[in-house]
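Chemist: With the sequence up front, the predicted model follows.
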Amino acid sequence: MLRRLLESTQYACAAYIATLERHAIQPSMSRAGCPYDNAMAEAFMKTLKQEEVDASAYRDQDHARQAISAFLETVYNRQRLHSALDCRTPAEYEAAFKIATPGLPAAQQASLASRF
């Protein structure tokens, strides 16, 4: 579930947090005074809206799910260059990481991936 918080204080109240917990939803809010906590998520949502959602008319929720999944898999992960990945696609970045760390167990690869 993605929810853009307009007023973070009202969404940090006990009743709201309790509702999230009942539904096993983990809240994601910036720390006080740190506007960069959600910067990557905000940038992703901007890209998704500009490059897919705003340019599309979906028949229903299922059609939206399918179209957005297709966009993420074919465009966002395989064609679109990401500055945070040295101007590579996520697929290229992942392939280069696997070549650089052959035979490394998946758990260790995952812990190193953020530093690669």
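Modeler: All right, it came through fine. Computed from a predicted structure; not experimentally measured.
Chemist: middle-most residue in the chain, spatially?
Modeler: Averaging the C-alpha coordinates of the chain gives a centre point, and the residue nearest to it by C-alpha atoms, centre = their mean is residue 41 (5.3 Å).
Chemist: In which helix or strand does it reside?
Modeler: Applying DSSP states H and E as the criterion places residue 41 in helix 39-48.
Chemist: So which bits of that helix are buried?
Modeler: Residues of helix 39-48 classed as buried by neighbour count (16 or more other C-beta atoms under 10 Å): residue 48. The C-beta positions use only the backbone N, C-alpha and C, and glycine is treated the same way.
Chemist: Only alpha carbons, please: show whichever helix or strand comes after it as PDB.
Modeler: Reading on from helix 39-48 to the C-terminus, the next helix or strand found by DSSP H and E is helix 61-70. The C-alpha atoms that make up helix 61-70 are tabulated as PDB, following Å, rounded to 0.1, in the frame of the first residue of the first chain:
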ATOM      1  CA  GLN A  61      -8.000  -1.900 -11.400                       C
ATOM      2  CA  ASP A  62      -6.800  -5.200 -12.900                       C
ATOM      3  CA  HIS A  63      -5.900  -3.400 -16.200                       C
ATOM      4  CA  ALA A  64      -3.900  -0.800 -14.200                       C
ATOM      5  CA  ARG A  65      -2.000  -3.500 -12.300                       C
ATOM      6  CA  GLN A  66      -1.100  -5.300 -15.500                       C
ATOM      7  CA  ALA A  67       0.000  -2.100 -17.300                       C
ATOM      8  CA  ILE A  68       2.000  -0.800 -14.400                       C
ATOM      9  CA  SER A  69       3.700  -4.200 -13.900                       C
ATOM     10  CA  ALA A  70       4.600  -4.300 -17.600                       C
END
